[in-house]
Each structure stands twice: as C-alpha cells, then as structure tokens.
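A.B. asks: Provided below are the primary sequence and the corresponding predicted coordinates.
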Amino acid sequence: MALKPVNVGLLGLGTVGGGTINVLRRNAEEIARRAGRGIRVSKAVARDHHKLRSFSMEGIALIEDPFAIVNDPEIEIVCELIGGIDPAREIVLTAIRNGKHVVTANKALIALHGNEIFEAARRKGVIVAFEAAVAGGIPIIKAVREGLAGNRIQTVAGIINGTCNYILSEMREQGSDFRSALSSAQRLGYAEADAAIDVEGVDAAHKLTILASIAFGIPLQFDKVYREGITQISPVDIHYAEELGYRIKSLGIARNAPGGIELRVHPTLIPERHLIASVEGIMNAVLVIGDAIGPTLYYGAGAGAEPTASAVVADLVDVVRAMTADPENRVPHLAFQPHAISDISVKSMDDVETAYYLRLYAVDRPGVLANITAILGQQDISIEAIIQKEPDHGARHVPVIFLTQRIRERNMVEAISKIEALDAVDGKVFRIRVETLA
Ligand code: HSE
C-alpha cells in the first residue's frame, strides 16, 4: 500500500518559497519515486497575503501565524524560508520542540545559532537540513559532509556570494561602476533585502562559517571570521589586476593551516588561468581540497528561485528518507559526531600569510621607489612585480603597483604604515590579498 504524502508547512512565499512550490509540483512524480512518498506543501505562511504570485496556491492553505504551522500536529516537516533571526530562531526551536523536522535556507540562522539549534534537534531526535543555506543550488554540504568523508580537508575556498560576483563581473565586463552594478543585482532579485549584507561580506561569512564547521569538525563561530567587503574595489584595480594576469573575486577562504584555522572573506586577486577566475555573474564555485582526493571544484547557481529550491527539495527528500531511521544512525548535522567536534583555534588575521597587490600614488623622482622597496625589504617582503603607470593628466603623482610574495599580514600592515608616512607618497596604500589557490 502506498504511503500517504508527507505534509510540509512552508514558511515564506518569497523567491525561494515560490521556487520550492513550483519544483515540488512540476517534479512531483520523480520526487516521490526518490523519496518513497509524495511530498506536498499543505500549509504556507506569507507576509503579504494579497501579493500576485508566480505560482499556484491550489491545495495549499494560506495561514497568517507561523506558530500555527509549527504547532500543527499534521505538519511533519517545517520548511523555513523567511530568513533573518527574528522570529525564525524561535519558530525553528518551537518546531524542534514539537518533534518536527526542519529544512531551512537560512544561513544567518545556522551560522549564528546553529550550535544551539543542532543541540536541540539532537536531543529531540529530529533533523535540521540546510543545504540551501550555502551556495544556492550547489550540493556542497552533501559533498563535503558525505562525499569527502574519507578525507582530511585542507582548504575550502570559493565564490559564495553571487551578488558580489555579479558586481565584480559587471565592473570588469561592462565597465560599470560599483553603484550601478549593485542596483542591477538588486533589480534581478539576487541581493539580500539589505544589500550591505552582501557587499560587506557578511553573507559570505555566514556561509563560510557553515562550510568550515562541516569541513574541519569545529563549532560554528561566525564572530571569528575576518571580513572585508568589495565596496572599495575600483575599476582601476580590476584593470591593473587584469594586466598582471589576475581577476579580482570576493572569496571565502577556510584553511586548516599550521597554527590554526584561517577563516576569512575578502576581495582576492586570483590567477586568471584558475578555473574559479572564469566564474562570472551570479554563479558560485567552491574549491575543496582533501588530502586523499586533492582539489575538487563545485560550480552552479548560487542564488535564484529554482536553483535554491533545488537544494531545498533535495533536503526534503533526504528528510523523508531518513525520518524513520534511528536518529543515532543518521548523518550528523555538522558532519562530525557531536562529541567529536573540536575547538581548534582560529588564527588572528595578523598571523595569516598571503601575497599582496599594492596600489599607491608616488612622486615620480629618483630614489622614491628605492625608499619604498627598502621598507618592504625591512619587513622581509619580497617583490614579485612592479608597474609604474603614466600619471593622470596634470597629476604630480604616478600610480605604482606592486605584487609581492607571501608574507604575514602583520609585516604588511607595518610596511604599509611606513610607506604611507613617506612625503613622496600621496594618500593611502590600497592593498588586495593575492591567492594562487594551488
Ligand atoms: N544574496 C545571496 C547571494 C543570495 O548573492 O549570494 C544567496 O544566498
């Protein structure tokens, strides 16, 4: 006898909620063949009840109060797609307390409150699935948590914010300025409601927190991620980087390095021959390096209605398959058994080593470059390349670009402050970190 379909309560009928309803409907048969039962959204909560929607609400009861869904005995899985912390945290914890499984795309919630949520879920024996929280449709959680379980993972690095990647691509390909590229990302619905969350690197830091935890078996610790946004990147840097054979990408990087874990999100020059350099627009790509497998690369749409719904629905299928299994025999939420999570220290950014791109404006006269290179030398910084450009019309200072070899951040900070103090140097030294991702 065929089992009854599983009842899902859907919280949030925005871009991803609508995509989820459409995918569940369109692929209902395939999904049921995979899950062993049908999966149907029976109730949904939306902020705006009168909004015109791009999907049919047939068979779905529209409810006002999200707590009515998480307290409803007929609902077995709660799908949280409202985002943000408040009231999402309380809704998810109530669902767990009521013995319901949860599927969420909420990266902020998992990065900031995941430790508490997974502990509550463990006690109650329910699943909290969060594939859609990282890199949209790319099944990166599944890959790292299960597919690479035989590896000691060394590095996870990638383009995990589509909005930043879209902006940087538009600036390079179309010559757009930052503001107009951002407006276009907002119009296309990729950006968060508060776009500062994207362009200041917060969204990528949420995702990196989650990736680092499942890659290295460490607790979720968002507050330890070093973060720098893309708002200061100008078209000239994109252009100079290109001349040097590099592209500027906003990367999230987590590395299990000597002395601790590196957790950082910042604009980065990467060699244009690296596969990640050709990832453009809203697409995401994550490089995972394991000791057994070596480098692996995962590419796909990092945002958007159906790409993200693809991950949400995969989680729903996973939950339906695993909900009858003994909780002890399920894949642990954070890949490692809860008692085996270890609090390896996270490095301070001062101790992280990278190569650097420096751009400064200096008076064009004998001895100036020698003074600058002497300061770099005193800090043990080796120079890889120097380019001096023509001055802008009538300007007294010429742009000079340096590429350096790898050095500790602390040395570079010291060198930059000494260079900025030179009379012959005008204004600030602008620096972007360089990674070969080798
Ligand atoms: N604002 C996010 C991005 C959406 O641009 O990647 C997907 O998490």
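C.D. replies: That came through fine. Residues are numbered from 1 along each chain as shown.

A.B. asks: Is the residue of the chain positioned farthest from its centre within a helix or a strand, and which one?
C.D. replies: Ranking residues of the chain by C-alpha distance from their mean position (CA atoms, centre = their mean) puts residue 366 at the top, at 45.8 Å. Assignment of secondary structure by DSSP states H and E places residue 366 within no helix or strand.

A.B. asks: Next, count neighbours for the closest residue to residue 112 other than its chain neighbours.
C.D. replies: Nearest-residue entry for residue 112: residue 222, 5.5 Å, with adjacent residues in sequence omitted and distances by CB to CB, 6 or more residues apart in numbering. Backbone N, C-alpha and C define where each C-beta goes, glycine included. Look at residue 222: counted by other CB atoms under 10 Å, it has 22 neighbours.

A.B. asks: And the contacts of stretch 299-315?
C.D. replies: 15-16, 18-20, 22-24, 27, 31, 39, 79, 81, 103, 105, 129-132, 135-139, 142, 159-163, 165, 189-190, 279, 282-285 (CB atoms under 8 Å, 6 or more residues apart in numbering).

A.B. asks: Could you give the separation of stretch 194-206 from the chain centroid?
C.D. replies: Taking the mean of its C-alpha atoms, stretch 194-206 sits 9 Å from the chain's own mean (CA atoms, centre = their mean, to the nearest Å).

A.B. asks: hmm, I was thinking of stretch 129-143
C.D. replies: Centroid displacement of stretch 129-143 relative to its chain, using CA atoms, centre = their mean, is 10 Å.

A.B. asks: Now the terminal residues of it, how far apart.
C.D. replies: End-to-end span of stretch 129-143 (CA to CA, to the nearest Å): 14 Å.

A.B. asks: how about the residues of the stretch 151-300 of the chain near the ligand?
C.D. replies: 161, 162, 163, 190, 191, 192, 198, 203 (CB under 6 Å from any ligand atom).

A.B. asks: Mark which of the contacts of stretch 299-315 are buried, thanks.
C.D. replies: Among the contacts of stretch 299-315, those buried by neighbour count (16 or more other CB atoms under 10 Å) are 15-16, 18-20, 22-24, 31, 39, 79, 81, 103, 105, 129-132, 135-139, 142, 159-163, 165, 190, 279, 282-285.

A.B. asks: Contacts only, for residue 185.
C.D. replies: 163, 166, 167, 191, 195, 198, 282.

A.B. asks: picking up where we left off before, from the residues of the stretch 151-300 of the chain next to the ligand, which land in helices?
C.D. replies: 162, 163, 198, 203 (DSSP state H).

A.B. asks: any idea how far the residue farthest from the centre of the chain lies from the ligand?
C.D. replies: From residue 366 across to the ligand, the span is 48 Å (CB to the nearest ligand atom, to the nearest Å).

A.B. asks: Distance of that residue relative to residue 376?
C.D. replies: As defined by CB to CB, to the nearest Å, residue 366 lies at a distance of 18 Å from residue 376.

A.B. asks: again, but for residue 329
C.D. replies: With CB to CB as the criterion, residue 329 and residue 376 are 57 Å apart.

A.B. asks: okay, those two: which has more neighbours?
C.D. replies: residue 376 (22 against 7).

A.B. asks: Just confirm the more buried one contacts residue 383, I think it does.
C.D. replies: Yes: judged on CB atoms under 8 Å, residue 376 makes contact with residue 383 at a distance of 6.2 Å.

A.B. asks: tell me, what's touching the two both at once?
C.D. replies: 402, 404.

A.B. asks: now the strands for the stretch 301-438 of the chain?
C.D. replies: Secondary structure of the stretch 301-438 of the chain (DSSP state E, counting those that start in this stretch): strands at 353-363, 383-388, 397-404, 407-408, 425-434.

A.B. asks: Packing partners of the longest one?
C.D. replies: On a contact count with 3 or more CB pairs under 8 Å, 6 or more residues apart in numbering; DSSP states H and E, strand 353-363 meets helix 235-243, helix 368-378, strand 397-404, strand 407-408, helix 409-420, strand 425-434.

A.B. asks: Return the most buried member of these.
C.D. replies: strand 397-404 (a mean of 20; mean count of other CB atoms under 10 Å).

A.B. asks: looking only at pLDDT, what's the mean for that one?
C.D. replies: The average of the pLDDT scores along strand 397-404 is 96.

A.B. asks: That one vs strand 383-388, what angle?
C.D. replies: When axes from the mean of the first three to the mean of the last three CA atoms, to 10 degrees is applied, the directions of strand 397-404 and strand 383-388 differ by 160 degrees.

A.B. asks: Quick one: distance of strand 397-404 to the chain centre.
C.D. replies: 31 Å.

A.B. asks: Each with direction, which strands does that strand pair with?
C.D. replies: Its sheet considered, strand 397-404 pairs with strand 353-363 (antiparallel), strand 383-388 (antiparallel) by DSSP bridges.

A.B. asks: Could you look over the ones you listed and pick the most buried one?
C.D. replies: Mean neighbour count (mean count of other CB under 10 Å) peaks for strand 353-363 among the strands paired with strand 397-404, with a mean of 21.
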